[in-house]
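[1] Got a sequence here, can you build the structure:
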Amino acid sequence: GISPVYKVILDGNFIHLCMSQKIDIKKRISSVLQDHDFRLFIPKSALKELAVLGSNFTDAYTFASVNCDVIKKYFDGKMTPSEHIIQLIGQNNVEKYFVASQDEDLRFKLRKVKNCPLLFVSNTVLLLEKPAGMKANFEKSGSFLSEGERKALKKIEKEKKPLKIVPAKFKKKAKNPNPLSCLRSKNKKEKNKKRGKLVALA
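    Alright, predicted model coming up:
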């Protein structure tokens, strides 16, 4: 599994989006990683890209230059940041990097790599996408759960019961009496009444 100090690779589009939306990258990542220690990295290719994109990317370039360690490994001067990151992660993510990127194509490719957690921003919220191969490890170790959250999770699992579906009971609606039966009943009563009078006269 992956344990602190966590190593997080940022690409240029992730940093630029955070800067444009006034998102505090270090604070948000710290929160997502439950205040565990981490280091920020940027591939040389991504830093170079930010440097030539113009004034709109100045804040992103400044943040990367000041806060990130630059990774030069594998960079040949020509590859794109996404190509560079794929090279750095490899097939097994031996260096145990997290990758923060807004590039959907890159994230799609990295989902195929075992043990490579992904970070991205959605509607100003920083999300952590845990790979399938690491899900059980994270939950067992509780690396990203507080003590209270772990206890609540255990309680929910312990109290989980199968849902019973009880059929609803409906009261039978009283039916209006059959007019013919009422008529028969009335006629019967009148006959009995007349029969009683005849007996009395006799």
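[2] Which stretches in this protein count as strands?
    Here the chain has its strands, by DSSP state E, at 6-10, 38-43, 69-71, 97-100, 118-122, 125-129.
[3] Which one of the ones you listed lies nearest to residue 107?
    Residue 107 lies closest to strand 118-122 among the strands of the chain, at 5.3 Å (CB to CB). For glycine as for every other residue, the C-beta is placed from the backbone atoms N, C-alpha and C.
[4] where in the protein is pLDDT low?
    Where the chain drops to pLDDT under 70, the residues are 132-202.
[5] try 90
    Counting by pLDDT under 90, the ranges of the chain that qualify are 1-3, 77, 114, 130-202.
[6] ok, residue 55 - how many residues close by?
    A count of nearby residues for residue 55, using other CB atoms under 10 Å, gives 7.
[7] what's the distance between it and residue 61?
    10 Å (CB to CB, to the nearest Å).
[8] Tell me how far residue 98 lies from residue 25.
    13 Å.
[9] And residue 103, by the same measure?
    16 Å.
[10] Report the contact partners of the closest residue in space to residue 26 that isn't next to it in sequence.
    Spatial nearest neighbour of residue 26, excluding adjacent residues (CB to CB, 6 or more residues apart in numbering): residue 67 at 6.8 Å. By CB atoms under 8 Å, 6 or more residues apart in numbering, residue 67 lies in contact with 25-26, 40.
[11] now those in TSV, with distance to residue 74?
    Formatted as TSV, the contacts of residue 67 follow (distance: CB to CB, whole Å):
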residue	distance to residue 74
25	24
26	26
40	19
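[12] For stretch 46-65, buried residues please.
    46-50, 57, 60-61, 63-64 (16 or more other CB atoms under 10 Å).
[13] Which one of the residues you listed is nearest to residue 92?
    The shortest approach to residue 92 among the buried residues of stretch 46-65 belongs to residue 46, at 22.1 Å (CB to CB).
[14] Could I get the full set of helices for this structure?
    12-20, 25-32, 44-52, 58-67, 81-89, 104-110, 132-141, 147-159, 179-201 (DSSP state H).
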